[in-house]
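A.B. asks: Starting from these lines, generate the structure:
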Amino acid sequence: MKGTSHVLIGAIAGAGAGLYLDADSLTLAICASVGGAAGLVPDLDTNGLASNAVTISKKKVKTPLLLMGVGVVCYAVYQFFQGTGSLSLKQLGLGIGMLILSAVITQKRMLTLTGVGVILGGVALDRTWLVLFGLFVVLASFLPHRSYTHSLLGFGFFALILRMAEADLQLEGLYLAGMAGYASHLIADMKLLPMNRRGVKLFAPIWNKEF
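C.D. replies: The predicted structure is shown next:
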């Protein structure tokens with residue numbers, strides 16, 4: 001299922017959570033937004049709408065890294081031939097490192113860096129839920145598609161994050177709307193729907209049966 005479909009279904013689920021709480025119009029809109037965003041979270045394990053929404057494209061990083069790497073290497077060589085008498089190994093190593101990084105960096109590694117940034121932000125702001133969300137993003141960036149983020153384990157981890165975020169931000173309905181959005185994604189990816197050739201391993205790693 002496409003990411004846009006998961007957003008729509010998640011938003012409907014989030015709005016449903018808001019209606020269940022008898023929320024006012026503003027809170028209902030917040031619940032729908034939270035549900036739509038949470039409906040994408042399980043797909044942080046793939047190069048799709050979810051991961052692209054929280055990190056910048058690798059294409060915007062590869063070229064600057066390449067150019068900076070070439071520039072640093074050329075500067076180190078230029079300094080050597082200008083008569084300094086020695087080649088700066090630090091500059092040369094930095095330049096070569098940039099060139100290698102520009103060649104091997106992937107969108108998933110960009111997601112890893114984003115997760116690390118969120119963790120550091122959470123530490124700086126003293127927000128445990130933000131640190132945990134950053135950890136969720138980092139872990140998702142190393143997982144195969146439809147693995148632990150599509151299981152009850154991932155669901156429970158995200159539920160903990162939502163509970164802590166709701167308590168910290170004092171946003172009524174955030175927890176329930178986020179849970180509804182996340183759950184809607186898992187349900188929409190199940191094999192019981194005819195458009196899905198694969199299901200989700202809800203009980204991984206204990207039981208790897210697809211549902």
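A.B. asks: E166: what secondary structure?
C.D. replies: What DSSP: H, G, I helix; E, B strand; the rest coil gives for E166 is helix.
A.B. asks: Can you get me a residue count around it?
C.D. replies: Residue neighbour count, defined by other Cβ atoms under 10 Å, stands at 19 for E166. All C-beta atoms are positioned from the backbone trio N, CA, C, and that covers glycine.
A.B. asks: T149 versus F136, what's the distance?
C.D. replies: 8 Å (Cβ to Cβ, to the nearest Å).
A.B. asks: Overlap of the contact sets of those two?
C.D. replies: Counting by Cβ atoms under 8 Å, 6 or more residues apart in numbering, the common neighbours of F136 and T149 are V41, L44.
A.B. asks: Please identify which of these two sits among more neighbours.
C.D. replies: Using other Cβ under 10 Å, the more surrounded residue of F136 and T149 is T149, with 27 against 21.
A.B. asks: ok, that one - contacts?
C.D. replies: V41, P42, D43, L44, D45, A140, L143.
A.B. asks: How much space separates it from Y78?
C.D. replies: 48 Å.
A.B. asks: Check which helices and strands the one helix or strand in the chain whose mean pLDDT sits lowest is in contact with.
C.D. replies: Scoring the helices and strands of the chain by mean pLDDT, DSSP states H and E places helix 49-54 at the bottom, with a mean of 77. With contacts defined as 3 or more Cβ pairs under 8 Å, 6 or more residues apart in numbering; DSSP states H and E, helix 49-54 has these neighbours: helix 3-20, helix 107-125.
A.B. asks: ok, residues contacting it?
C.D. replies: Here helix 49-54 makes contact (Cβ under 8 Å, 6+ apart) with 2-4, 6-7, 40-44, 107-108, 111, 114, 137, 141.
A.B. asks: Which SSE is immediately downstream of the lengthiest helix in the chain?
C.D. replies: In the chain, with assignment by DSSP state H, the single longest helix is helix 59-79. Using DSSP states H and E, the next helix or strand after helix 59-79 towards the C-terminus is helix 89-104.
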